[in-house]
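Student: Okay, predicted coordinates and the sequence, questions at the end:
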Amino acid sequence: MARDANKPTGIKEIAKALGVSIGTVDRALHSRPGINPMTRAKVLKMAQTMGYQPNLAARFLKSQRQLAISVLLPVEIACFFDALRDGIREAATPFGPPVHVEFRSYPRLGEGDVEFFEEALNDGAQGMIIAPGEPTAMKPLIRKAARRNVPVVCVATDAPKTERLTAITACPYTNGAIVGELLCRTIHVPGTLGVVTGSLATEDHADKLEGFRASVQTLGPRLRIATVIQAHDDESLAYSETKALLAATPDLRGIYVSTANSPPVLQAVEESNRAGSIAVITTDLFPALVPLIRSGRVLATVHQRPLAQGRLAFRALYRFLMEGICPVPKIRVAPHIVMSSNLDLFLDRMPLDVEEQAGFGVEPIWSSIIGG
C-alpha cells in the first residue's frame, strides 16, 4: 500500500524504507549509542529525504521539564521588534505552560538592556534571547551568563567576540551591498547618496553601512556617499536630519534607510517636493510602506523577515537546552527584496513564508510554516 502523502513521516516509515528496526532509527535520530556510524548516516539521510519532522513540542512535554527563557528586546522600532516577538511566541506556543517565556522591553537599542539582562540573570533565567545594541557593554554580561551556564542567543544584531551561543540576523553586510548595487544600477547621473541608520556602535548597522559602501565604491563611480545620519531610531531626529540633508545637498540622488525608521525620512522627502527625483530604498515591510512602494516613491525595501528570525532564535535556544545540539555560530536569514513588481506576491505570501535550514550540526532545523 502506498504511503499517504499527507501523513507526516515518522520513525516507522523510515525504518520500513531502509529495512531496519524502529529501534535502530530511534537510536540514529536521537544520537543514542549502539548503532554503526554508517547505519546512522543512512538513517539521517533517509529522514531528510523523506521530510521527517520531529515533534519537538511533544518530546518536551513528555519530559516534564520546566524552562524559563527571558527575551530582552527594544520597543522601538515597533514594526520590526513586535514582529520578532511574535515569531518567538509562535515558536514557543506548542511547548505549553512548562516553557515560560518572559518578555522584557526597553526603549530602544542600547538603552536599558544592561539593567534588564542583570535582572533576568538574577531571576533565574535558564536561557536568554537579546538584541545587543552596544556589544561592548554586553560583553561582560554575556560572559557572566556563560559562567552560570545560561546560553545567550543574539537576534537582529550580534555581539561578536563574546560567549553568546549564536546570532540570527538577516546578513547585514549583504543587506547593504544589495542596496548599493540597486542604487548604482538605477541612478545614471552623477550625484550623491545619503544613509539614515541607527547607531554605528550596533554591529548590524555598521555592517550594513560597510556592505553599502563596498558596493558603491565598486559599481558607482559617478556616485559618492555624502552623509551618514545616525538617528538612533528616533523619529524626530531622523526627520530633522533628513530635512537638513535635503536642503544642503541639491545633487542628492538616493537615500538608503537601513533601519525600519523610514516614515520620518519619507515624510521629509515628500515635503521637499523631490520625491520623484530621489531613489529611496528602505528596510523591512510594514503597512505604511505599501502605498509608497506601489506608487514608486519607495524604489524597494529590504525585508529582514523578523518573524523568521524570532522563530529561529527560540528554536536555537530550545535545541541547545533540551537536546544539546549546538547551532552554527551565525544563522543568516536571506533578506527579501520587495519592489512594486512583486509587492502583491509578498503580501500574499508573508503568512506562508517557509524558513530554510539553519545548519544545526548534522540535523537541520526541520521546516515548518512561518511568517516573516
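Tutor: Done, it's in.
Student: name the element the residue positioned nearest the centre of the chain belongs to?
Tutor: For the chain, the residue nearest the mean C-alpha position is Gln309 (3.5 Å; C-alpha atoms, centre = their mean). Counting by DSSP states H and E, the element that carries Gln309 is helix 306-323.
Student: ok, now Phe80?
Tutor: Per DSSP H and E: helix 78-92 holds Phe80.
Student: Just name the shakiest helix or strand of the chain by mean pLDDT.
Tutor: Ranked by mean pLDDT, DSSP states H and E, the weakest helix or strand in the chain is helix 56-63, scoring a mean of 50.
Student: thinking again about what came up before, name all residues that make contact with the residue nearest to the centre of the chain.
Tutor: Listed by C-beta atoms under 8 Å, 6 or more residues apart in numbering, the contact set of Gln309 reads 84, 87, 155-156, 168-170, 333, 372. Where you see a C-beta, it was placed from the backbone N, CA and C, and this is true even at glycine.
Student: switch the cut-off to 7 Å
Tutor: Gln309 makes contacts with 84, 87, 155-156, 168, 170, 333, 372, as judged by C-beta atoms under 7 Å, 6 or more residues apart in numbering.
Student: Secondary structure element holding the residue lying closest to Gln126 once chain neighbours are set aside?
Tutor: Of all residues not flanking Gln126 in the chain, Ala68 sits nearest, at 5.0 Å (C-beta to C-beta, 6 or more residues apart in numbering). Per DSSP H and E: Ala68 is located in strand 67-74.
Student: Now find how far off-centre that strand is within its chain.
Tutor: 16 Å (C-alpha atoms, centre = their mean, to the nearest Å).
Student: how does this structure divide into domains?
Tutor: Here the domain parsing of the chain from automatic domain parsing is 11-52, 58-170+306-334, 172-303.
Student: out of these, nearest to Leu347?
Tutor: For the domains of the chain, the distance to Leu347 is smallest for domain 172-303, at 7.2 Å, taking C-beta to C-beta.
Student: SS state for Leu193?
Tutor: Secondary structure assignment for Leu193 (DSSP: H, G, I helix; E, B strand; the rest coil): strand.
Student: Surely it touches Thr249?
Tutor: No: Leu193 is beyond contact range of Thr249, at 9.5 Å (criterion: C-beta atoms under 7 Å).
Student: Minimum pLDDT in the contacts of Gln309, which residue is that?
Tutor: Among the contacts of Gln309, Gly372 carries the lowest pLDDT, at 35.
Student: Gln217 - that's part of a strand, no?
Tutor: No: read with three-state DSSP, Gln217 is helix and lies in no strand.
Student: what about it, how many residues close to it?
Tutor: Close neighbours of Gln217, defined as other C-beta atoms under 10 Å, add up to 14.
Student: pLDDT wise, what is it at?
Tutor: Looking at Gln217, its pLDDT is 95.
Student: can you pull the contacts of it?
Tutor: Taking C-beta under 7 Å, 6+ apart as the test, Gln217 contacts no residue whatsoever.
Student: if I pick Ala28, what's in contact with it?
Tutor: Ala28 touches 35, 39-40, 43-44, counting by C-beta under 7 Å, 6+ apart.
Student: run the last query once more with 8 Å
Tutor: Ala28 neighbours (C-beta under 8 Å, 6+ apart): 35, 39-40, 43-44, 47.
Student: And the residues you listed, which of them are buried?
Tutor: 35, 40, 43-44, 47 (16 or more other C-beta atoms under 10 Å).
Student: what ranges do the strands span in the stretch 51-200 of the chain?
Tutor: 67-74, 99-106, 127-130, 152-155, 166-169, 191-197 (DSSP state E, counting those that start in this stretch).
Student: Quick one: end-to-end distance for stretch 269-289.
Tutor: In stretch 269-289, first residue to last residue: 14 Å (C-alpha to C-alpha, to the nearest Å).
Student: in it, what's buried?
Tutor: 269, 272, 275, 278-286, 289.
Student: Can you tell me which of these is nearest Ala313?
Tutor: Of these, the one sitting nearest to Ala313 (C-beta to C-beta) turns out to be Asp284, at 16.9 Å.
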